[in-house]
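> here is my input, please return the structure:
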Amino acid sequence: MLIRERLFFFFIIVGLVPLLFASTIVISSQERAITRHIVQRLEAIASIQEERLNQIIDRYLEQTKLITSRTQLRRNVEGYVQTGDEDLLIASQRILIDAIRSVPDISEINLYSTAGEFLISTNSNKEGNPREFLENDLLIPRLEDLFKNDQNIVRVHMLGPLRINGETVGVLEVVISAAPIFAVTEDYTGLGETGEVLIVKRNKSGDALFLTPLRYDAGAALTRGVLSSQVNVPVTEAIRGIERIILDDNTRDYRGESVVAATRFIESTEWGIVVKIDQEEVFQSVTRLRKTVTIIAIETILVVVGISLLVSQVIARPLKDLTKFVGSIKKEGFKNKFFFKREDEIGILARAFNKMTDELGALYKDLENKVKQRTKELEKAKGELEDKVTDLERFNRLTVDREMKMVDLKKELKELKEKGKKSDS
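This is a model prediction of the structure:
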């Protein structure tokens, strides 16, 4: 691996890894802090809105109770039940009209018998239909439901028994404005740009039905709902009485957006309350931090590339030139010099290399001289050795000739001896 590449990876590790490590810690810490904060906020808002709704319901019940507790009204209804006197109903109607005047939120009051027969109404145009009342439902006032009137305005439907001497003699149907309930869901304090308070109830099919307008759907009251099969939607948990904080990434609201939510349940009305905020808004600071870290990381990489290139020019370039210089020594000998004027380690290395080159050149020259002298000595010794070899060969030839002559002489002597013996005989 080249020095430039090593420098690049070194600076990447030194510059980028600590940044990513620190950023991961900061982002995780901020995400945990935001999660804790949003959980506390949603729990607080959910508790506050639940308390507000309970107070509103209690006020509705109290308003209904104030009307049903009117003694003259109860006596008139009891008298009508016993005598059938229509004047008593007319007198009761005047009392109910007076009650409406004293409580502006009440728009209409209808009177029914315990058998569900419509008797009178503060609305002269009202033509009441028979109703069915269960005996155990006629003991105390209760909130019946929310409904839309003929003008498509949402109202609260209250029922309150008229009791005298421990017996129920009639039932009042009190229609009250739903504005106080709407004020709860229209209060976005602490919920940012996307947060909402949702109030739902279970309809006859078991699905969640919105009781009030929504922030993103003004006409949702009593018309829009969520199927009970959609278990990842907080309102379906709220109507089942589940109270908890939901932080699951798969949690969706009625728009299909990922949300963080808190659920509550009001047992007296079986209403579910959901306080929720879009996850995108909740963690937007974390998202911005991630983007910032990404930008810084990219900038760091660019800076690292620039620094590595600069350092490679400062460090790697002289080394590269030194490598070329070494190659030139192989071809041209030790006459060349490496000229590099710097006072740092590279300059010291260059001077040391030049000194080493001089010393190697001197050694090489001395070695050449010694080789030449030794060659001459070897050539002289070779000549002397060749002369000796020549003399030895000459001596060998003479010796061989003498030996050959001696052999011949011995043969001749032998022949002479044999001839002498033959002549003697």
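
> okay, and G160 sits in which element?
Assigned by DSSP states H and E, G160 belongs to strand 154-164.

> quick check: mean pLDDT of that strand?
Averaged across strand 154-164, pLDDT comes to 93.

> past that strand, which element shows up next along the chain?
Next along from strand 154-164, by DSSP H and E: strand 167-177.

> same for that next one, what does it pack against?
helix 3-68, helix 71-83, strand 106-112, strand 154-164 (3 or more Cβ pairs under 8 Å, 6 or more residues apart in numbering; DSSP states H and E). The way it works is simple: take the backbone N, C-alpha and C, and place the C-beta from them, glycine included.

> make a markdown table out of the ones you listed and add mean neighbour count and distance to Q230.
Shown next, in a markdown table, are these (neighbours: other Cβ atoms under 10 Å; distance: least, Cβ to Cβ, whole Å):
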| stretch | mean neighbour count | distance to Q230 |
| --- | --- | --- |
| helix 3-68 | 15 | 21 |
| helix 71-83 | 18 | 47 |
| strand 106-112 | 21 | 35 |
| strand 154-164 | 21 | 24 |
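
> quick one, which of those gets closest to E384.
helix 3-68 (58.8 Å; Cβ to Cβ).

> now that closest one against helix 71-83, angle please.
For helix 3-68 and helix 71-83, the angle between their directions (axes from the mean of the first three to the mean of the last three Cα atoms, to 10 degrees) works out to 60 degrees.

> quick one on the thing from earlier: out of the helices and strands packed on strand 167-177, which comes closest to I120?
strand 106-112 (4.8 Å).

> quick one: contacts for P141?
61, 64-65, 68, 158-161 (Cβ atoms under 8 Å, 6 or more residues apart in numbering).

> same check, this time on S121
S121 neighbours (Cβ under 8 Å, 6+ apart): 93, 108-111, 128.

> quick one, phi psi at it?
phi -150, psi 150 (degrees, to the nearest 10).

> run through the bridge partners of it.
N110 (DSSP bridges).

> how near is it to I100?
11 Å (Cβ to Cβ, to the nearest Å).

> where does the prediction get shaky in the stretch 251-400 of the chain?
Residue ranges of the stretch 251-400 of the chain with pLDDT under 70: 312-317, 319-322, 325-347, 349-351, 353-354, 358, 360-361.

> tell me where it has strands.
For the stretch 251-400 of the chain, strands defined by DSSP state E, counting those that start in this stretch occupy the ranges 259-266, 271-278.

> now those strands as a markdown table including distance to E359?
Listed next are the strands of the stretch 251-400 of the chain as a markdown table, based on distance: least, Cβ to Cβ, whole Å:
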| stretch | distance to E359 |
| --- | --- |
| strand 259-266 | 78 |
| strand 271-278 | 78 |
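
> sorry, back to before: any common contacting residues for S121 and I100?
Common neighbours of S121 and I100 (Cβ under 8 Å, 6+ apart) are 108-109.

> quick one: the strands in the stretch 101-250 of the chain, in order.
Under the criterion DSSP E, counting those that start in this stretch, the stretch 101-250 of the chain contains strands at 106-112, 118-121, 142-148, 154-164, 167-177, 196-202, 208-210, 225-226, 245-246.

> domain ranges for this protein?
3-60+186-282, 69-181, 333-425 (automatic domain parsing).

> need the ones you listed in CSV with distance to L289, can you?
Shown next, in CSV, are the domains of the chain (distance: least, Cβ to Cβ, whole Å):
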stretch, distance to L289
domain 3-60+186-282, 6
domain 69-181, 39
domain 333-425, 41
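
> mind checking those for the one nearest to R288?
domain 3-60+186-282 (10.3 Å).

> centre of the chain to the helix ranked longest in the chain, how far?
What stands out as the longest helix in the chain, according to DSSP state H, is helix 345-424. Here helix 345-424 is found 92 Å from its chain centre; the criterion is Cα atoms, centre = their mean, to the nearest Å.

> just the buried residues of stretch 167-184, please?
Across stretch 167-184, burial judged by 16 or more other Cβ atoms under 10 Å covers 168-178, 180-182, 184.

> separation between N149 and M404?
Distance from N149 to M404, by Cβ to Cβ: 161 Å.

> right, I mislabeled it, should have said I56
154 Å.

> tell me the one of the contacts of S121 nearest I13?
Nearest to I13 among the contacts of S121, with distances taken as Cβ to Cβ, is E108, at 77.7 Å.

> wait, the closest one touches K126, no?
Yes: if you go by Cβ atoms under 8 Å, E108 and K126 touch, sitting 7.2 Å apart.

> now the strands of the stretch 251-400 of the chain in CSV, with mean neighbour count?
Output for the strands of the stretch 251-400 of the chain, formatted as CSV (neighbours: other Cβ atoms under 10 Å):
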stretch, mean neighbour count
strand 259-266, 24
strand 271-278, 26
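
> between the buried residues of stretch 167-184, which is closest to A381?
Among these, and counting by Cβ to Cβ, the member closest to A381 is V184, at 122.1 Å.

> so what's the closest one up against?
Counting by Cβ under 8 Å, 6+ apart, the residues that V184 touches are 49, 52-53, 56, 197, 199, 212.

> of the contacts of S121, closest to F21?
Closest to F21, out of all of the contacts of S121 and judged by Cβ to Cβ, is E108, at 68.2 Å.

> how close does the closest one get to E237?
E108 sits 35 Å away from E237, going by Cβ to Cβ.

> repeat for T122
In terms of Cβ to Cβ, T122 sits 40 Å off from E237.

> not counting its neighbours along the chain, what's nearest Q72?
I95 (6.2 Å; Cβ to Cβ, 6 or more residues apart in numbering).

> what helices or strands is the helix or strand harbouring that neighbour leaning on?
If you go by DSSP H and E, I95 is part of helix 86-102. With contacts defined as 3+ Cβ pairs under 8 Å, 6+ apart, the packing partners of helix 86-102 are helix 3-68, helix 71-83, strand 106-112, strand 118-121.

> nearest to R290, out of these?
Nearest to R290, of all the helices and strands packed on helix 86-102, is helix 3-68, at 6.4 Å by Cβ to Cβ.

> who's the nearest residue in space to N203 that is not next to it in sequence bridged to?
Spatially, and ignoring its direct neighbours in sequence, N203 is nearest to L209 (4.4 Å; Cβ to Cβ, 6+ apart). Bridge pairing for L209 (DSSP bridges) gives the partners K201, G225.
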